[in-house]
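1. 3D model of this:
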Amino acid sequence: MTSPTLVIADDDADMRALVRDVLRPEYPEAIELADGRQLFWHLMRASFGVTGTKRDIVIVTDLKMPTYSGLEVLDAWHDPTSATPMIVITAFPDETVRKRARMLDATLLAKPFSRAQLREAVHETVRRARMNGAIS
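-> Modelled structure (predicted):
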């Protein structure tokens, strides 16, 4: 079984590097994006097969980024019939954010978090997606 491609969107380069380093053993192929616009366009190209071979993806995105927030992009791109594993990281986990993440079937991970909490959030989200047949 091929591991999904990890898509990391965060305007903080140090946070992107942390996420990539923590998840590299399970997800060796990763794409790093610096803002919501890049995430939006990457997902659009991927949905049309423009990025090459169609592969399952796992999205780890920051909530607050320039241009579009992580939730705005996921909300625009979300397809309930093919639930892509999505993890939203934020230092602002208020009830409105929690509710929007739940509506998108995304996992919310509040900052600060440990490496173990990040791994567990991604593993659990991917496990649920596999059980639902959303990814292989």
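2. can you give me the strands in this protein?
-> 5-9, 30-33, 57-62, 86-90, 107-110 (DSSP state E).
3. Which secondary structure elements does the last one sit against?
-> Using 3 or more C-beta pairs under 8 Å, 6 or more residues apart in numbering; DSSP states H and E as the contact definition, the elements that strand 107-110 packs against are strand 86-90, helix 95-103, helix 115-131. Where C-beta positions appear, they are placed from N, C-alpha and C, glycine not excepted.
4. and the angle from the first one to helix 115-131?
-> Comparing the axes of strand 86-90 and helix 115-131 via axes from the mean of the first three to the mean of the last three C-alpha atoms, to 10 degrees yields an angle of 150 degrees.
5. ok, so what distance separates residue 121 from residue 13?
-> Residue 121 sits 21 Å away from residue 13, going by C-beta to C-beta, to the nearest Å.
6. picking up where we left off before, I'd like the strands of the chain as JSON lines, with mean neighbour count and distance to residue 69 appended.
-> Converted to JSON lines, the strands of the chain look like this (neighbours: other C-beta atoms under 10 Å; distance: least, C-beta to C-beta, whole Å):
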{"stretch": "strand 5-9", "mean neighbour count": "23", "distance to residue 69": "10"}
{"stretch": "strand 30-33", "mean neighbour count": "18", "distance to residue 69": "13"}
{"stretch": "strand 57-62", "mean neighbour count": "25", "distance to residue 69": "8"}
{"stretch": "strand 86-90", "mean neighbour count": "24", "distance to residue 69": "9"}
{"stretch": "strand 107-110", "mean neighbour count": "19", "distance to residue 69": "13"}
